Structures are given as structure tokens and as C-alpha cells.
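Enquirer: show me the folded form of this:
(2 chains)
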Protein chains: 2
Amino acid sequence: MVEGRHWLPGQDMADVAWKLVAVNLSDLAAKGAEPLGVLIGHTLGDGDARFIEGLREVLETYGVPLLGGDTVGGHGARTLGCTALGRASHCPVPSRAGAQPGDRVYVTGTLGLAMLGFEALRDRTGADSTAYRRPAPRLAEGRALAPIVTAMMDISDGLLLDAWRLAEASGVTLAIDGNDVPVADAARRRECLSWGDDYELLFTAPAGIALPVEAHRVGAVETRGQTPLSLDGEPLRRAEGLGYQHS
Amino acid sequence: MVEGRHWLPGQDMADVAWKLVAVNLSDLAAKGAEPLGVLIGHTLGDGDARFIEGLREVLETYGVPLLGGDTVGGHGARTLGCTALGRASHCPVPSRAGAQPGDRVYVTGTLGLAMLGFEALRDRTGADSTAYRRPAPRLAEGRALAPIVTAMMDISDGLLLDAWRLAEASGVTLAIDGNDVPVADAARRRECLSWGDDYELLFTAPAGIALPVEAHRVGAVETRGQTPLSLDGEPLRRAEGLGYQHS
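Expert: Reported below is the predicted structural model:
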């Protein structure tokens, strides 16, 4: 995570520490893995005491030990790294590549909460910014889902972009019904589908299977058409603009 | 590793990639561990093609797979991270804390080569800078030594400072004979003992034991005296100035 890119300058470093670990645990969640520990690559700087406090909080919350890491002196924008180690709870480990035509598409939770939280924090509105500052990795859900999904990933860069990637990896088309997606702000539905940072799970599962966790059906898997993704029946032709693109 | 701190601005990014991985493999070497793979946290920027080339070279040289990682867009000084995973080849895993009075102190290789290499690179003298650019982790030596050492670490911050740390961890005094240390430049012996980046192994072993690898005896372990370290019979009172201090 890079200062000014993944967190706002001046943000409480306890929240930054939480998010640094949580987003990595979210990757384990998407694999149905049980966390074994984390290693932190920390650039020293302002707010280190708060960073340590947030680190302790997130590790205690998820029962994950700090195994090691490194600290470096830095200058300019700080970069923080985290490696999370986990053990798969189910074999085969869920991948992005297993979605089959006829499967259904699901998401956990509500999308757009992180967007609203980010705006509250940026604009100092006083509204709740927890979802942006302290995302909750879906570890229990990921483990429960691992045996029944055909493909799974966490939504870090926005539902539409991540759905595009899952479809590409699986060689299928995902047909998303935008109105079926639970969003934090219905008036800004499309933004909620494109903004990342929610760290909910996106997965596909065969029709007729009972889900072990709460999730919303938001679409269907089809044989590969002209494009990997359609939204409300409209094929989306380019990945650009669908979500957060790493540059 | 931070640009301008751990590598020279404008340095070949293939060398930077090599060193990023090699110094982490060196930590595994000090534990007698066999590398299982590495994860790279890469800040995108100039020389990325060369970075990938150097990464491929170091991974092929040591037979280590790239397991994953992350890339981020950055600005300003770049930060690169590496997590190396390994499996211990001997239990207990060598630590810094096991040196016993009566043990002998050893180092592998020659110290100061990285210092000379750094100066050659910085001053563009044309002299060989390989030792600084492409350190060779002592993986085979570490595995061979793990069953017989009482304490072991790699020398990343200079022999004297790292010996101080090993002595502190073990609750003993290390008495180093500076003249017994193989150095790259005898006229600058003290500098060679304080300059880091050589990634040789420093270890202690009981007297009378046959070493499975080539190493030089450079001192003895004594019961803890006034200070954790003495050089040529002179107690050293402070860690400051003994080597490279992370700030």
C-alpha cells in the first residue's frame, strides 16, 4: 500500500495497519484458507505507534500471529507491504478459472459501503467511514464456500472489473443483473458496482445448490459470447472504466 | 529495499532484483533452510524489464519459484519488498541466542568485498562490483552448518554490529580477533569489519568440532563481561558506529 494512493495523507495509521492486513486476509478468504500468520514490510515514519496499535487490533481480531518482516527508513511517500500465509481448507483450492455455463453468480454483503466511507473520511462529513478504514475479510464465509464454489475471488477493484477478470480466467461470460446487487446507495448504483475496497466475495456455484452462507444472486454464467461481461443484458466491451485499475 | 538507500539511483534494475531476492535467501541460509519460493512486492517504474530479467536470473540460479506478490503504481523513491519462504532442514533451527562460553566464532568468506564493489560502482572506477551488486547467499553452507552450530546469522550490517547482536541475544561476550578475519583490503581492515552487505555467515560452534564447510575462526565466546563485544582485547562499549544501523 502506497501513501497517497491507498490511503489518504494524514489518515490514522492504526486504520492503515488494519487495512494492510485485512486486504491480505481477504485474499486468503477468497481461497477458503485459514490464516497462519503475516509478515509486514514497514517503512518507518509518522504515526508508527498508532500503526502498531492497529496492527495489534487486526491480528487479535482475526487470531493471526505476526511472524516477521522488516522495517526500513524511508523518505517521501511511504510504502507498506504485507504477506499473509494461510493453509487451504479445501482441495482443490478455489480459483478464478472454474466458472461453468449454467452456474449462478453471487456476492456477499453490500457494495459501495467503502466508497461512502472513503467520501466521508475525505470530506470530513462525520458520516461512518468504518467500511473504508476497517474492511472485514470474509474468512469464515470463504472457508464455508470453498467446497461448493466453481470459482471465487474477493472484490477489491470493483464488482464489474473483478467479474470481468473471473470471466476471462474461466473462458465464459458473466451476465450480471445490476439491480440484484445490494448496494449502499441505489441512486449511485453503477458507482457502487465499480468502486473497489469492499472486500466482499464474488463466486459462482452450480444452480440448485444450497449456500452455506448468506449471499445474493446477482447473475448467471453463460457460454462465452462476444465479451466476458454483460450488465443488464448489455455487453461490456472494455475492462477500462469498470473499476480500479492498477497502473 | 528503498531506492537511494539500498541501491544507487540509476543502478541496473536487474542487479537490484538479484539483490532483493538474494538478501532474503541469505536469511534462509542463516537458518539452514531450503528455499521454497519468494513473493515480490514491486513498485512499478523505470527499468521494469531489466528488473524482470534479474529476477529470472536469481530465481533460476538458486532454483526458487516465484509464488506471487503484488505490484503497485508509485511515485518518488521506490520501495521493493520480498518475502522468502523456506523449510528448515534441521531442528532446532539455528538462532542467534545459542552461543555458549567456550565456543569458537567463525565467518565464511571474505569481508569488505561488497564495500569495494559499492565504491567501484559509485565512483565508476571500472573495478569489479559484483560482490555489491550480486551477493551470493550461503544456502549450501547454512544447511551444512545447521546441525553443528550453537548460533548463526548472516552478516548484513557489518561483522562487528552483527556479532554484537548475536552476543546480546546469547547473553555472552564475543571476543573477536580482527586480524584473523579475512578482509578484502587489509589497509582498511576496520572498515571491512563494519561495512555490511557481504551476506557471509557468522556462527559459533563448540571447540574441537570439525566444520563441514570452509570458514575462518575469528574469535571465541566468553562468559558475559562488561560489554557484549571485544575487538583485539578491547571492550567495545556501544553498538553505534560498529556497522550499518537501520533508522
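Enquirer: switch to C-alpha atoms for all contacts and neighbour counts from now on
Expert: Noted.
Enquirer: quick one, longest strand in chain A?
Expert: Assignment by DSSP state E gives strand A:33-43 as the longest strand of chain A.
Enquirer: paired strands for that strand, with orientation please.
Expert: strand A:66-72 (parallel), strand A:81-88 (antiparallel) (DSSP bridges).
Enquirer: quick one: distance of it to the chain centre.
Expert: Strand A:33-43 has its C-alpha centroid displaced from the chain centroid by 17 Å (C-alpha atoms, centre = their mean, to the nearest Å).
Enquirer: returning to that earlier point: as CSV, the strands paired with strand A:33-43 with mean pLDDT would be great.
Expert: Formatted as CSV, the strands paired with strand A:33-43 follow (pLDDT from 0 to 100):
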stretch, mean pLDDT
strand A:66-72, 91
strand A:81-88, 95
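Enquirer: right, and A:Leu44 touches A:Gly73 too?
Expert: Yes: assessed by C-alpha atoms under 8 Å, A:Leu44 is found in contact with A:Gly73 at 5.3 Å.
Enquirer: ok, those two, which is more surrounded?
Expert: Neighbours were counted for A:Leu44 and for A:Gly73 using other C-alpha atoms under 10 Å in any protein chain shown; A:Leu44 has more, 18 against 15.
Enquirer: domains of chain A?
Expert: A:13-88, A:104-236 (automatic domain parsing).
Enquirer: chain center to the longest one, what's the gap?
Expert: The chain centre lies 9 Å from the centre of domain A:104-236; the measure is C-alpha atoms, centre = their mean.
Enquirer: now the first one
Expert: Taking C-alpha atoms, centre = their mean, one finds domain A:13-88 lying 16 Å from the centre of the chain it belongs to.
Enquirer: between the two ends of that domain, how far is it?
Expert: End-to-end distance for domain A:13-88, by C-alpha to C-alpha, to the nearest Å: 31 Å.
Enquirer: could you point out the longest helix of chain A?
Expert: The longest helix of chain A (DSSP state H) is helix A:13-30.
Enquirer: follow-up on the earlier one: just send the domains of chain A back as a markdown table, with distance to B:Leu25 too.
Expert: Formatted as a markdown table, the domains of chain A follow (distance: least, C-alpha to C-alpha, whole Å):
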| stretch | distance to B:Leu25 |
| --- | --- |
| domain A:13-88 | 14 |
| domain A:104-236 | 31 |
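Enquirer: among the ones you listed, which is nearest B:Ser95?
Expert: With C-alpha to C-alpha as the criterion, B:Ser95 lies closest to domain A:13-88 of the domains of chain A, at 14.3 Å.
Enquirer: pull out the buried residues from the longest strand of chain A.
Expert: Under the neighbour-count criterion of 16 or more other C-alpha atoms under 10 Å in any protein chain shown, strand A:33-43 has A:33-35, A:37-43 buried.
Enquirer: try stretch A:47-56
Expert: Here stretch A:47-56 shows A:50-51, A:53-56 as buried, counting by 16+ other C-alpha under 10 Å.
Enquirer: next, format those as JSON lines and append secondary structure, distance to A:Arg134 and pLDDT.
Expert: JSON lines is the format used below for those (DSSP: H, G, I helix; E, B strand; the rest coil; distance: C-alpha to C-alpha, whole Å; pLDDT from 0 to 100):
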{"residue": "A:Arg50", "secondary structure": "helix", "distance to A:Arg134": "14", "pLDDT": "97"}
{"residue": "A:Phe51", "secondary structure": "helix", "distance to A:Arg134": "13", "pLDDT": "97"}
{"residue": "A:Glu53", "secondary structure": "helix", "distance to A:Arg134": "13", "pLDDT": "98"}
{"residue": "A:Gly54", "secondary structure": "helix", "distance to A:Arg134": "10", "pLDDT": "98"}
{"residue": "A:Leu55", "secondary structure": "helix", "distance to A:Arg134": "11", "pLDDT": "98"}
{"residue": "A:Arg56", "secondary structure": "helix", "distance to A:Arg134": "13", "pLDDT": "98"}
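Enquirer: for A:Glu53, which non-adjacent residue is closest in space?
Expert: Leaving aside its chain neighbours, A:Glu53 sits nearest to A:Ala14 (5.9 Å; criterion: C-alpha to C-alpha, 6 or more residues apart in numbering or on different chains).
Enquirer: how many residues are close by that neighbour?
Expert: For A:Ala14, using other C-alpha under 10 Å, the count is 23.
Enquirer: chain B contacts on chain A?
Expert: A:1-2, A:39, A:41, A:44, A:69, A:71-77, A:79, A:81, A:83, A:246-247 (C-alpha under 8 Å from any C-alpha of the partner chain).
Enquirer: hmm, back to that, from the buried residues of stretch A:47-56, which is closest to chain B?
Expert: Ranked by distance to chain B (C-alpha to the nearest C-alpha), the buried residues of stretch A:47-56 are led by A:Phe51 at 16.8 Å.
Enquirer: which residues touch the closest one?
Expert: Shown in contact with A:Phe51 (C-alpha atoms under 8 Å, 6 or more residues apart in numbering or on different chains): A:13-17.
Enquirer: in JSON lines, list those residues along with pLDDT and distance to B:Thr110.
Expert: Shown next, in JSON lines, are the contacts of A:Phe51 (pLDDT from 0 to 100; distance: C-alpha to C-alpha, whole Å):
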{"residue": "A:Met13", "pLDDT": "96", "distance to B:Thr110": "43"}
{"residue": "A:Ala14", "pLDDT": "97", "distance to B:Thr110": "44"}
{"residue": "A:Asp15", "pLDDT": "97", "distance to B:Thr110": "46"}
{"residue": "A:Val16", "pLDDT": "97", "distance to B:Thr110": "43"}
{"residue": "A:Ala17", "pLDDT": "97", "distance to B:Thr110": "41"}
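Enquirer: from those residues, list just the buried residues.
Expert: A:13-17.
Enquirer: got a list of what the residue nearest the centre of chain A touches?
Expert: Compute the mean C-alpha point of chain A, and by C-alpha atoms, centre = their mean the closest residue is A:Tyr199, 2.6 Å away. Shown in contact with A:Tyr199 (C-alpha under 8 Å, 6+ apart): A:23, A:26, A:135-138, A:154-156.
Enquirer: and A:Arg165, by the same measure?
Expert: A:Arg96.
Enquirer: where does it land in three-state SS?
Expert: helix (DSSP: H, G, I helix; E, B strand; the rest coil).
Enquirer: could I get the full set of helices for chain A?
Expert: Under DSSP H, chain A gives helices at A:13-30, A:48-62, A:113-123, A:130-133, A:139-145, A:159-170, A:189-194.
Enquirer: in the lowest-mean-pLDDT helix or strand in chain A, what's buried?
Expert: The helix or strand of chain A with the poorest confidence is strand A:66-72; it has a mean of 91 (mean pLDDT, DSSP states H and E). By 16+ other C-alpha under 10 Å, the buried positions in strand A:66-72 come out as A:69, A:72.
Enquirer: again with stretch A:210-219
Expert: Neighbour-count burial for stretch A:210-219, counted by 16+ other C-alpha under 10 Å, picks out A:215-219.
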